[in-house]
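Undergrad: next one to model:
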Amino acid sequence: MIKYILKRLMYILLALFVIISATFFLMRLAPGSPFASERSFPPQIEKQLDAKYGLDNPWYIQYKDYLIDSATFDFGESMKYKMRSTNDMISEGFPISLTLGIEAMLLAVGLGILLGVISALYHNRFPDYLATTIAVLGISIPSFVLAGLMQYFIAFKLGWFPISGWKGFIYSILPAFAIALTHMGYIAKLTRSSMLEQNNSDYVKMARAKGIGKWTIVFRHTLRNALLPVVTYIGPLTAGVVTGSFIVEQIFAIPGLGKHFVTSISNRDYTVIMGTTVFYSIILLLAVFIVDILYGIIDPRIKLRGAKK
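TA: This is a model prediction of the structure:
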């Protein structure tokens, strides 16, 4: 198991190196300048700005400095906001985005599993049709469309929730639902299909023949094995929640890290773009790593195969 974990950690470090390098060279290839949207500066001022951010150095010097700074988690100062560093923006915005993301993931997993179990237990009956319809609608509607509809009808017209901002738990409910609904639909379909497959397995038939109760079979046998595909979906779920929060935070004016990331793109704030990209990459790679470990714990056969390799 230790060899398996070390091997996965090596893959993470390699993937992170590729992401950091790709981010650096893509930003260098991007047209324009981080100061292009500002008023025209005298040549002396432009030279001072280039020297301040190291833009006057050769590309390989900049690349070396960027690798060292990324390794020490020093992502530099913002090119647009004076006296503010990328690390400050991450430390301010990430706790908000993390809170919103955890709420969205809990909603997606909890409601998705519930709908999937109900759909499988009442196969080809009204609850199955209703749960499947909700899941399909969730998958079909993009999070930013759902966020706009919720904001207009539920928050503005009905006044049940705040329209925007971040001043307490009630402000996170609509954004969390907007992000979670798509993934809830996927998890519901995964749970449903896996539950139906497990219901027809030999060990479930044997349990029924022994007279074991329906709910005992569901919670002790069927559901546990049916959740394996859901566990593997946690990685894509994390990525989906992260990317979904970019636009949803903008729509609901939530001062999270996703909002800073989108704003930095429009402002051509290169240090913030590169720093938040690396930070998000670390989060996603760690999420995939945790999923691998959890999958090995739930299904020991995966762990043994990984260890042998």
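
Undergrad: where does pLDDT dip in the protein?
TA: Scanning the chain with the threshold set as pLDDT under 70 gives 1, 30-47, 49-50, 52-56, 295-309.

Undergrad: remind me, longest helix of it?
TA: The longest helix of the chain (DSSP state H) is helix 86-121.

Undergrad: that one: what's the following helix or strand?
TA: Going down the chain from helix 86-121, the next helix or strand is helix 126-140, by DSSP states H and E.

Undergrad: and for that following helix, what's in contact with it?
TA: Residues outside helix 126-140 that contact it (CB atoms under 8 Å, 6 or more residues apart in numbering): 112, 115-116, 118-122, 181-186, 188-189, 192. Yep, even glycine has a C-beta here, placed from its N, CA and C like the rest.

Undergrad: what residues sit buried inside that helix?
TA: Within helix 126-140, the residues scored as buried using 16 or more other CB atoms under 10 Å are Asp128, Ala131, Thr132, Ile134, Ala135, Gly138, Ile139.

Undergrad: okay if I get these as JSON lines plus distance to Ala147?
TA: Converted to JSON lines, the buried residues of helix 126-140 look like this (distance: CB to CB, whole Å):
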{"residue": "Asp128", "distance to Ala147": "29"}
{"residue": "Ala131", "distance to Ala147": "23"}
{"residue": "Thr132", "distance to Ala147": "24"}
{"residue": "Ile134", "distance to Ala147": "18"}
{"residue": "Ala135", "distance to Ala147": "19"}
{"residue": "Gly138", "distance to Ala147": "13"}
{"residue": "Ile139", "distance to Ala147": "16"}
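
Undergrad: nearest to Ser201 among those?
TA: Asp128 (19.4 Å; CB to CB).

Undergrad: distance of the closest one relative to Gly112?
TA: Asp128 is 15 Å from Gly112, where distance means CB to CB, to the nearest Å.

Undergrad: re earlier: so which elements touch the longest helix of the chain?
TA: Here helix 86-121 touches helix 126-140, helix 173-199, helix 223-226, helix 228-232, helix 234-251, helix 257-267, helix 270-298, going by 3 or more CB pairs under 8 Å, 6 or more residues apart in numbering; DSSP states H and E.

Undergrad: so of the ones you listed, which one's packed in deepest?
TA: Of these, the one with the most neighbours on average (mean count of other CB atoms under 10 Å) is helix 173-199, at a mean of 23.

Undergrad: so that one versus helix 234-251, what angle?
TA: For helix 173-199 and helix 234-251, the angle between their directions (axes from the mean of the first three to the mean of the last three CA atoms, to 10 degrees) works out to 160 degrees.

Undergrad: how far off centre is helix 173-199?
TA: In terms of CA atoms, centre = their mean, to the nearest Å, the centre of helix 173-199 is found 15 Å from the chain centre.

Undergrad: got the angle for it vs helix 126-140?
TA: Using the same axes, to 10 degrees: helix 173-199 against helix 126-140 is 130 degrees.

Undergrad: quick one: which of the buried residues of helix 126-140 is nearest to Gly101?
TA: Nearest member of these to Gly101, counting by CB to CB, is Gly138, at 17.6 Å.

Undergrad: look up how far Pro95 lies from the spatially closest residue to that closest one that is not a sequence neighbour.
TA: Counting by CB to CB, 6 or more residues apart in numbering, Gly138 lies nearest to Gly185, which is 3.2 Å off, once chain neighbours are set aside. Using CB to CB, we find Gly185 at a distance of 28 Å from Pro95.

Undergrad: for Glu154, give me phi and psi.
TA: Check again: residue 154 is Ile, not Glu. Main-chain dihedrals, Ile154, degrees, to the nearest 10: phi -80, psi -40.

Undergrad: oops, could you answer that again for Ile254 instead?
TA: Here is the backbone geometry of Ile254 (degrees, to the nearest 10): phi -90, psi 130.

Undergrad: who's in contact with it?
TA: Ile96, Leu100, Ser164, Gly165, Trp166, Tyr171, Pro175, Val248.

Undergrad: can I get those in JSON lines including distance to Ala15?
TA: Below are the contacts of Ile254 laid out as JSON lines (distance: CB to CB, whole Å):
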{"residue": "Ile96", "distance to Ala15": "27"}
{"residue": "Leu100", "distance to Ala15": "26"}
{"residue": "Ser164", "distance to Ala15": "36"}
{"residue": "Gly165", "distance to Ala15": "36"}
{"residue": "Trp166", "distance to Ala15": "32"}
{"residue": "Tyr171", "distance to Ala15": "35"}
{"residue": "Pro175", "distance to Ala15": "29"}
{"residue": "Val248", "distance to Ala15": "27"}
